[in-house]
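Visitor: sequence below, structure please.
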Amino acid sequence: MHVTFSSGPLTLEGELMSVDGAPRGAVICHPHPAYGGDMDNPVVLAVAGALHDTGHTTLRFNFRGVGASGGSYGGGVGEVDDLRAAVQFLVQRTGNGSITLAGYSFGAVIVLHVGPSAPQVDRLVVVAPPLAVAGLEALASCTKDKLFIVGDQDEYCSLAQLSAQLARVAEPKHHQVIAGADHFFAGHTPAVAECVRSVCASL
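Guide: Coordinates of the predicted model:
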C-alpha cells in the first residue's frame, strides 16, 4: 500500500505491507540517495520481504529528495529526522509498540543513529554498514537485539573491521556472513533474506 507521511515540513512516500494482527512493525532504510539508493533497492526489498514473512508489518520509504519524497538530500542529518518520522508514523498507523529498524549501507548508518535511543525500537538489523565512515560506537551500551549481515568480500565493511568493532558492541548480537558477496550483494539477496528470517523468526 502506497502511503505518505510528514517529516517536518516535507512529505515522504513509502510502501506499507500489513500483517493482520501483527505484534511487531519494521522500518527499512535504503542506501545512499546520491548513488541511486531508493526503497525499491533489491536488498531493501529482500529484507522487507523477510521481515514480513516473520510477522512484521513493514514500512520501506524514500528519504527526502528521493522518488516522490519532498525536499533534497539532507547530508545524513535530515535523513535521521526522516527515519524518526517513519517510526512515529508506523506506530501511530498500526499501534505496534515494538519496532525493528533495518538499514542497508547508508540506511544502516541512519539506523545506527536512531535505533539505540528510540524508545519504540527494540531490534536493529544492520546490513553492510560502511565502517570507514560510520562505526558501531553507539552500540557499546545498547542492549537491544542486534543482527549484522555482511558479505565476506565487502569492500566497505571488511570482516576484520567488523569483528574488531563487534567485540565492543553490547549483547545480544548476531553476526551473519554471506560467502562470496560484496557490498552490493548481487546474486545474494536470497541469502540476505534467509539471514533475516532465520534470526528474526526466533527473537
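Visitor: can you pull out the low-pLDDT segments for the protein?
Guide: Across the chain, the ranges flagged by pLDDT under 70 are 202-203.
Visitor: please, where are all the helices along it?
Guide: 42-53, 77-94, 106-114, 159-166, 189-200 (DSSP state H).
Visitor: make CSV out of those and add distance to residue 140.
Guide: For the C-beta atoms, the positions are set from N, CA and C on the backbone; glycine is no exception. Below are the helices of the chain laid out as CSV (distance: least, C-beta to C-beta, whole Å):
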stretch, distance to residue 140
helix 42-53, 25
helix 77-94, 19
helix 106-114, 12
helix 159-166, 10
helix 189-200, 21
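Visitor: residue 12: which of the ones you listed is closest?
Guide: Across these, residue 12 has its closest neighbour in helix 77-94 (6.1 Å, C-beta to C-beta).
Visitor: list the buried ones in the closest one?
Guide: Within helix 77-94, the residues that qualify as buried are 78-87, 89-91, 94, counting by 16 or more other C-beta atoms under 10 Å.
Visitor: what do you get for stretch 21-39?
Guide: 22, 24-33, 37-39.
Visitor: keep only those of these that are in strands.
Guide: Using DSSP state E, 24, 25, 26, 27, 28, 29 are the members of those that sit in strands.
Visitor: identify the bridge partners of the fifth one.
Guide: The bridge-partner assignment for residue 28, based on DSSP bridges, gives residue 60, residue 102.
Visitor: residue 9 versus that one, what's the distance?
Guide: Distance of residue 28 to residue 9, given as C-beta to C-beta, to the nearest Å: 24 Å.
Visitor: just the last one next, same as before
Guide: In this structure, residue 29 and residue 9 are 21 Å apart, going by C-beta to C-beta.
Visitor: any chance of TSV for the ones in strands among the buried residues of stretch 21-39, columns distance to residue 1?
Guide: Listed next are these as TSV, based on distance: C-beta to C-beta, whole Å:
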residue	distance to residue 1
24	18
25	14
26	15
27	15
28	15
29	19
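Visitor: which among these gets closest to residue 4?
Guide: residue 27 (14.9 Å).
Visitor: which residues touch the closest one?
Guide: 58, 59, 60, 61, 83, 86, 87, 90, 99, 100, 101, 102 (C-beta atoms under 8 Å, 6 or more residues apart in numbering).
Visitor: at 6 Å instead, please
Guide: Going by C-beta atoms under 6 Å, 6 or more residues apart in numbering, residue 27 touches 59, 86, 87, 90, 101.
Visitor: same check, this time on residue 136
Guide: With contact set as C-beta under 6 Å, 6+ apart, residue 136 has these partners: 165, 169.
Visitor: follow-up on the earlier one: of the buried residues of stretch 21-39, just say which sits nearest to residue 46.
Guide: residue 28 (9.8 Å).
Visitor: that closest one against residue 47, yeah?
Guide: Yes. Using C-beta atoms under 6 Å, residue 28 makes contact with residue 47 at a distance of 5.5 Å.
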